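> below are the sequence and a predicted model for it; my questions follow.
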Amino acid sequence: GEQVASYCAKARELMQNGDVAGAMKTLELASRLDAGNPDIVALMDKLKPKFERMEANRKAGLSPTEKHKEKGDQCYKNAQFEDAVQHYTKCLDMLARNGKSASPLALKAYSNRAACYKQISNFDGTISDCTAVLEVEPENTKALIRRAQAFEGVERYRFALQDIKTVLAMPYSQVGKANFDLCNGMQHRLQRTVTQLKKMNSS
């Protein structure tokens, strides 16, 4: 109960400071802990109309490319990966026509489309979208790990190992514990596979 109370207090504080989206996010976290809690419900009811008005205004101000990315994000959240791919592709095509293939919006769309491709096991798509991100941001941890997993999926183990080693050579604080542990495990597994393949090829 204490945690819920502190979430509610934080949400009230954010509301007073005019951060409606932040307050909404805080309340959503609180309702995961205690769904149907009357305090949370009351605050959400108060916030909802404001939040919906703000969202409507925000969406009205989005460019066509941003709208496609938003729709893609929405489809991804609902596990409609093929539909999400279509929206990200439309967003990227429009950006390419305007010479903005390396813009922050394009990188996000590439990154998210790569995540969709990974979900539907289109490893080649994952590899090419992650590569597009890495050409602009060579130290993008998420793209390196995703590409390594896709390389492993198409049995290009040395390439996978190379990406994993790149991540493990980066500062720990930048990579984070979860990614570091994941890459460590992958490195051991890939190293074993590469060694076994060498043995098989030499025998």
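Nice, I can see it. Residues are numbered from 1 along each chain as shown.
> ok, which stretches of the protein are strands?
Counting by DSSP state E, the chain has no strands to list.
> for the spatially most central residue of it, give its distance to residue 69.
Geometric centre of the chain, nearest residue: residue 112, 6.0 Å, by Cα atoms, centre = their mean. Going from residue 112 to residue 69 by Cβ to Cβ, to the nearest Å gives 7 Å. Every residue, glycine included, has its C-beta placed from N, CA and C.
> ok, residue 84 next?
When residue 84 is compared with residue 69 (using Cβ to Cβ), they lie 10 Å apart.
> residues shared between the contacts of these two?
When contacts are counted by Cβ atoms under 8 Å, 6 or more residues apart in numbering, residue 84 and residue 69 are jointly contacted by residue 112.
> identify the residues contacting the worst-scoring helix or strand of the chain on mean pLDDT?
The least trusted helix or strand in the chain, going by mean pLDDT, DSSP states H and E, turns out to be helix 38-60, with a mean of 86. Applying Cβ under 8 Å, 6+ apart, the external contacts of helix 38-60 come out as 4-5, 7-8, 11-12, 15, 20-21, 23-24, 27, 30-31, 34, 67, 70.
> buried stuff in that helix?
Residues of helix 38-60 classed as buried by neighbour count (16 or more other Cβ atoms under 10 Å): 39-40, 43-44, 47, 51.
> residue contacts, residue 10?
Contacts of residue 10 (Cβ under 8 Å, 6+ apart): residue 26.
> relative to residue 25, how far out is it?
10 Å.
> residue 172 and residue 72, how far apart?
Residue 172 sits 32 Å away from residue 72, taking Cβ to Cβ as the criterion.
> meant to ask about residue 118
For residue 118, the distance to residue 72 - Cβ to Cβ - is 15 Å.
> and if you look at residue 194?
Counting by Cβ to Cβ - residue 194 and residue 72 are separated by 36 Å.
> settle it for me: which of the two has more neighbours?
For residue 194 and residue 72, the more surrounded residue by other Cβ atoms under 10 Å is residue 72, and the numbers stand at 27 against 14.
> quick one: pLDDT of the more buried one?
At residue 72, the model reports a pLDDT of 96.
> likewise for residue 106?
96.
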